[in-house]
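[1] Provide a 3D model corresponding to the input given below.
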Amino acid sequence: MTEQEKTPITQRKLRAGIVGGGPGSFIGSVHRIAAGLDNQAEVVTGAMSPDRQRAEEGAKAWYLPRWYSDYREMAEQEAARPDGIDFVIIATPNHLHYPVAKAFLEQHIHIVCDKPLTGQLAEAQELAALVERSNVIFALTHNYTGYPAVRQARDMVRQGMLGDIRKVLVEYIQDWLMEPVEASGNKQAAWRTDPTRSGISGCIGDIGTHGENLLAFITGLNIRSLCADLTSFGPGRALEDDANILLRLENGGKGVLTCSQVAAGEENGLSIRIYGSKAGLEWHQMEPDTLIYKQPNQPRQILRPGMPYMSEEAKQATRLPAGHPEGFYEAFANIYRMAIADMRRVATGEQPLGGYPTVRDGLRGVNFVAKAVESSNRGSVWVDV
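    Model (predicted):
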């Protein structure tokens, strides 16, 4: 046994494995970079594809010292190794999130999972129950919660600076599915538009869940009921590529959530506007270092990360001096940094501190998707959430 193998988890870099994220994956590389950005962890193995050749190609491209093509074998063998992984990254299509997570939970290996939690509500409920009976850290990468400006927005709501929340407008709009690219070899489009791999929803599960999560994270409010209108504009497309949803919040406030992947000319347009009885806030993901604070009859205030007036929570998520742009990787890495810190805590018997999306957030998100699909299928009626 080497010195690295003997060293407690609290005194060394953590070893990570990845399932999925192989050749052709966008999100796999994002996870790898984010996990290692603070030098707290390193991906050392993976089951990047069930196809042995592609699994080997992916592992060689990342210079991994070992690899697998079967995630079950990976979970069992890594748990048995003295130098086995401390946590696994799940970057597969949605239908594999549940079985992969279950396999590693059974081996008491921590998990960082891509969203949505699962493609089916029953699986999400069972997975949440399994996690809560374990001593395993489970982080869900709703990475937009890692932006300093988003954390500043949450702190301002908590401090009462907006007053009672009355209205929330959330949109996430893209145009990449305007054409039937799933039929022309686009791997990402192929599984996202396939109900057997994506689950019961397309657009809402893929990007609408980010909108729901951002609303809940900043305001602290749950959705009480919703009325949804889902549409598939792509010819022959089995899952929706556009959704418009009216929301009633638990405090009596109202909201609108719209998401689309067929909005011409849009790139990655995630935005949120929150209006309270005292003031409003506005944030756009494509300009993530800008938070707009709006008071009636007053000039708009522009708040920026790195400035001394920002909250402690925002400062902890800020990595660079003011004026140096921070982006997608850094926000993603903030989720990893907090989750890894909790993995170290539980190893010494301490309680995790959280601060990042967990399996409970994932369950709430999958329930939101299920209720939106139910509402639309029933003729866009109001459904309790």
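
[2] buried set for the helix or strand hosting R344?
    Counting by DSSP states H and E, the element that carries R344 is helix 328-347. For helix 328-347, burial by neighbour count (16 or more other CB atoms under 10 Å) applies to 328-344. Where C-beta positions appear, they are placed from N, C-alpha and C, glycine not excepted.

[3] any idea which helix or strand comes after that helix?
    That would be, after helix 328-347 and using DSSP H and E, helix 359-377.

[4] now stretch 10-26: mean pLDDT?
    For stretch 10-26, mean pLDDT rounds to 93.

[5] what about it, distance to the chain center?
    16 Å (CA atoms, centre = their mean, to the nearest Å).

[6] same deal with stretch 318-338?
    15 Å.

[7] cool, stretch 148-155 as well?
    17 Å.

[8] averaged over its residues, what pLDDT does that stretch have?
    98.

[9] now for the most centrally placed residue in the chain: which residues touch it?
    The centroid of the chain falls nearest to H142 when counting by CA atoms, centre = their mean (2.2 Å). Residues in contact with H142 (CB atoms under 8 Å, 6 or more residues apart in numbering) are 115, 209-210, 213-214, 217, 335, 357, 361, 365.

[10] got it, and E326?
    147-148, 288-289, 305, 318-320 are the contacts of E326 under CB under 8 Å, 6+ apart.

[11] dump these into JSON lines; add secondary structure and neighbour count as well.
    Formatted as JSON lines, those follow (DSSP: H, G, I helix; E, B strand; the rest coil; neighbours: other CB atoms under 10 Å):
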{"residue": "Y147", "secondary structure": "coil", "neighbour count": "27"}
{"residue": "P148", "secondary structure": "helix", "neighbour count": "28"}
{"residue": "P288", "secondary structure": "coil", "neighbour count": "22"}
{"residue": "D289", "secondary structure": "coil", "neighbour count": "21"}
{"residue": "P305", "secondary structure": "coil", "neighbour count": "27"}
{"residue": "T318", "secondary structure": "coil", "neighbour count": "24"}
{"residue": "R319", "secondary structure": "coil", "neighbour count": "18"}
{"residue": "L320", "secondary structure": "coil", "neighbour count": "13"}
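
[12] export those residues to CSV and append columns for distance to G269.
    Formatted as CSV, these follow (distance: CB to CB, whole Å):
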residue, distance to G269
Y147, 15
P148, 20
P288, 12
D289, 17
P305, 21
T318, 24
R319, 25
L320, 25
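
[13] now flag whichever of these is closest to V369.
    Of all those, the one sitting nearest V369 is Y147; the distance, using CB to CB, is 23.1 Å.

[14] surely that closest one meets P288?
    Yes - counting by CB atoms under 8 Å, P288 is a contact partner of Y147 at 5.0 Å.

[15] now Q11: how far from Q40?
    12 Å (CB to CB, to the nearest Å).

[16] so is V44 in a helix, a strand, or just coil?
    Following DSSP: H, G, I helix; E, B strand; the rest coil, the label given to V44 is strand.

[17] show me the contacts for it.
    Counting by CB under 8 Å, 6+ apart, V44 has contacts 15-17, 64-66, 85.

[18] so which of these is the closest to N268?
    A16 (26.1 Å).

[19] next up, the contacts around L249.
    Contacts of L249 (CB under 8 Å, 6+ apart): 165, 168, 219, 221-224, 255.

[20] how about the nearest residue to R344, chain neighbours excluded?
    Nearest in space to R344, with sequence neighbours left out and distances taken as CB to CB, 6 or more residues apart in numbering, is T10 at 5.0 Å.
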